[in-house]
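Participant: Next come a sequence and a model predicted from it.
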2 protein chains.
Amino acid sequence: MVKITDVARQAGVSPSTVSYALSGKRPISEETRQRVEAAIRELGYRPHAGARALASSRSNVLALVVPLRAGIHVPVVMQFAVSVVTAARRYDHDVLLLTQEEGEDGLRRVADTALVDALILMDVQLHDPRLPLLRSLDRPSVMIGFPQEAAGLTCIDLDFRTAGERCVEHLAQLGHRVVALVGSPPEVYVRGTAFAQRVVQGFTAAADRSGLASAVHPCEATPGAARRVAEQLLREQPALTGVVVHNEAVLEPLTDAFEQLGLRVPADLSVTAICPDELAESLRVPVTSIALPSAEVGERAVELLMAKLAGDEVPEATLLPPRLTKRASTAPRPA
Amino acid sequence: MVKITDVARQAGVSPSTVSYALSGKRPISEETRQRVEAAIRELGYRPHAGARALASSRSNVLALVVPLRAGIHVPVVMQFAVSVVTAARRYDHDVLLLTQEEGEDGLRRVADTALVDALILMDVQLHDPRLPLLRSLDRPSVMIGFPQEAAGLTCIDLDFRTAGERCVEHLAQLGHRVVALVGSPPEVYVRGTAFAQRVVQGFTAAADRSGLASAVHPCEATPGAARRVAEQLLREQPALTGVVVHNEAVLEPLTDAFEQLGLRVPADLSVTAICPDELAESLRVPVTSIALPSAEVGERAVELLMAKLAGDEVPEATLLPPRLTKRASTAPRPA
DNA sequence: TTCGCCCGTCGAAGCGCTTCGACGTCACGC
DNA sequence: GCGTGACGTCGAAGCGCTTCGACGGGCGAA
């Protein structure tokens, strides 16, 4: 293994000079820097991560806690993880993958052993048991999603409440008077997952404000469940003409079910969704949707964390504004 | 921060004794161990990961390189990643997440800086450019999938060739004489992704051996593509009664397409698949399938790596035997 | 000209842990 | 009764890096 002293000898300087040339924490003459860089290249020097972490008390590693519970849409999680890794690399950091399974112990472990400098948490619940722990940890963290009581913590997410509102408003503008929300699987609400609840709030509030008749139906992530929900909706709200879907897995089977029940999209029924753009675009009838900007969220989360590590103040809450993209699945209410 | 000297003082022993009590690398009297453990608990001691890595030249971290290319099925990747993390934790290791985007540089970086002790690679190509690098690295690695030339490397995967064969044999036993393979997206074959190719080989070999008429069709991972492939198959092989699907994303739309084209599953057409069990079970007509044991592969990969880290010899190739589960989608050939 | 200061570099002191060699003790076998 | 290990513990030497204080030389201000 080639170490910093080897580089120093080769460049004819002291180890500390090599270190400063690398970190830029003290001025180094152009000429010396050149010599050091040449030596590094010739010897193929790579600083030892452990030694660096020990001496600097910075590991340059972030922890990412991914959820693996029922009812979450895996591709979104993955896309998010990838964007976190990519963004972290831009700041010369790596990403340690933790599963929620390990729970609070895992968080405490990687934080206390100084394995990581900071943490990113996904799938935050309204009353997340990890909150007190995060507050007590001496390392910065960012949460994807908003718990009920977020004081002192940094959170970021799509503004799901407004997203729910926008969907309803879009339908209202098109003249629809009876709408329904097909939501996430029941267990997601039971757990008190923040983003799902907020969609419901926004949906309901906007419907009330616009004087629409509305209903909310959780839905399991299976085609069968989608079909049953479609049937139930038509039974309970025969005048239904607008649907908001917040459940990636059933978006396609649900629209299929409606069509098989004799409702054409968008001629008889308008459909909007909150889901990744790729999904909305890939369907037979592309769906008017509010994008789930997982890549942007991941990137912003890393940026927030880096700012905190640098000692900067960051806003406690970052709500990304929803963007509604009109596609073929919505149309004015049939006469 | 509480350190090992604090624990030592509290327990009335030397730091080295604490270390040995923790690692078990030298015998420590029961009584001393008790005192040390008590001290650790009282003080909430956690060994500093960087210091440990520096002194022991072991970071207790594995690198996991995940693919993010077109045509791979994300949930499988995720399930795999989770099983790797879970298995690694059983051996007191953590997992660093790398994307394929960083490529060989990323591998070299984490290996050379001693950030990780060992590596796991997914989505191996037949002629993977990373092979020479892996051979030159001084750290052990395990690849998920088999490259063409794997000498000196450790590989593990489902035995996809046999999986392809089993599917055909199952259909042949049921009396089918004309079969087709609906495969992964074309780009997967273009890249020379090992597992996809092997399925084709097994499928073709078994069909030839059994004297079946057979055809192979790659298929994009979209419902539209599935429909087109279904139409094409019926056009080109009017006598088709058996299909093998090796493409998670189109399994459902493809069977839907067949039914819409007037073929009932399994009355007119038998369908088998190579896919995760959950997917096969979740369809309207549960599909006879060979499971993609991602969890088992991940676990075994970690075990292989741990053995290599311990200095044990491990087999270069580990092929997991395919297990075919009969479900409702296959039946004897219609008379 | 002299003082003070900044620039560029060096040496040394750790960072917190593991590990090696050494040493005292005790039990056992002859 | 004594040599011989095995057992249990200690002290010290690093692991490879960062960082702090110090220092010489050059330059601008006084």
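Facilitator: Thanks, I have the structure now.

Participant: would you list every one of the helices in the stretch 1-150 of chain A?
Facilitator: A:4-11, A:15-23, A:30-43, A:49-56, A:74-90, A:103-112, A:131-136 (DSSP state H, counting those that start in this stretch).

Participant: Which positions in the stretch 1-150 of chain A make contact with DNA strand D?
Facilitator: For the stretch 1-150 of chain A, the residues in contact with DNA strand D (Cβ under 7 Å from any atom of the strand) are A:1, A:3-5, A:15-16, A:18-20, A:22-23, A:25, A:45-48, A:51-52, A:54-56. All C-beta atoms are positioned from the backbone trio N, CA, C, and that covers glycine.

Participant: Pull out the buried members of those.
Facilitator: When burial is judged by neighbour count using 16 or more other Cβ atoms under 10 Å in any protein chain shown, the buried members of these are A:Ile4, A:Val18, A:Ser19, A:Tyr20, A:Leu22, A:Tyr45, A:Arg46, A:Pro47, A:His48, A:Ala51, A:Arg52, A:Leu54.

Participant: Which residues are in contact with whichever residue of the stretch 151-300 of chain A sits closest to DNA strand C?
Facilitator: Closest approach between the stretch 151-300 of chain A and DNA strand C, counting by Cβ to the nearest atom of the strand: A:Gly152, at 25.9 Å. A:Gly152 is in contact with A:Arg135, A:Glu316, counting by Cβ atoms under 8 Å, 6 or more residues apart in numbering or on different chains.

Participant: how about the helices of the stretch 1-150 of chain A, which one is nearest B:Asp105?
Facilitator: With respect to B:Asp105, and counting by Cβ to Cβ, the nearest of the helices of the stretch 1-150 of chain A is helix A:74-90 at 10.3 Å.

Participant: That closest one - contacts with which helices or strands?
Facilitator: strand A:61-66, strand A:94-99, helix A:294-309, helix B:74-90, strand B:94-99 (3 or more Cβ pairs under 8 Å, 6 or more residues apart in numbering or on different chains; DSSP states H and E).

Participant: That one: which residues count as buried?
Facilitator: A:74-89.

Participant: Now do that helix against strand B:61-66, angle only.
Facilitator: 120 degrees (axes from the mean of the first three to the mean of the last three Cα atoms, to 10 degrees).

Participant: by how many degrees do helix A:74-90 and strand B:94-99 diverge?
Facilitator: Going by the same axes, to 10 degrees, helix A:74-90 makes 90 degrees with strand B:94-99.

Participant: Output the set of residues of the stretch 201-335 of chain A in proximity to chain B.
Facilitator: Taking Cβ under 8 Å from any Cβ of the partner chain as the criterion, the neighbours of chain B within the stretch 201-335 of chain A are A:Thr222, A:Pro223, A:Gly224, A:Glu252, A:Ser282, A:Leu283, A:Arg284.

Participant: Just among these, which is most surrounded?
Facilitator: A:Leu283 (23 neighbours; other Cβ atoms under 10 Å in any protein chain shown).

Participant: Just want to check the distance between it and DNA strand D.
Facilitator: Counting by Cβ to the nearest atom of the strand, to the nearest Å, the gap from A:Leu283 to DNA strand D is 51 Å.

Participant: try A:Glu104
Facilitator: Per Cβ to the nearest atom of the strand, A:Glu104 is found 30 Å from DNA strand D.

Participant: Same question for A:Arg166.
Facilitator: For A:Arg166, the distance to DNA strand D equals 47 Å [Cβ to the nearest atom of the strand].

Participant: quick one: what helix or strand has that residue in it?
Facilitator: Using DSSP states H and E, the element containing A:Arg166 is helix A:160-173.

Participant: Restrict that helix to CA atoms and write it as CSV.
Facilitator: Presented in CSV, the C-alpha positions along helix A:160-173 are these (Å, rounded to 0.1, in the frame of the first residue of the first chain):
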residue,chain,number,x,y,z
PHE,A,160,-48.7,16.1,-1.1
ARG,A,161,-51.5,18.1,0.3
THR,A,162,-51.3,20.6,-2.5
ALA,A,163,-50.9,17.8,-4.9
GLY,A,164,-54.2,16.3,-3.7
GLU,A,165,-55.8,19.7,-4.0
ARG,A,166,-54.5,20.3,-7.5
CYS,A,167,-55.9,17.1,-8.8
VAL,A,168,-59.3,18.0,-7.5
GLU,A,169,-59.1,21.5,-8.8
HIS,A,170,-58.2,20.3,-12.2
LEU,A,171,-61.3,18.0,-12.2
ALA,A,172,-63.5,20.8,-10.9
GLN,A,173,-62.3,23.1,-13.6
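
Participant: Alright, that wraps it up for me.
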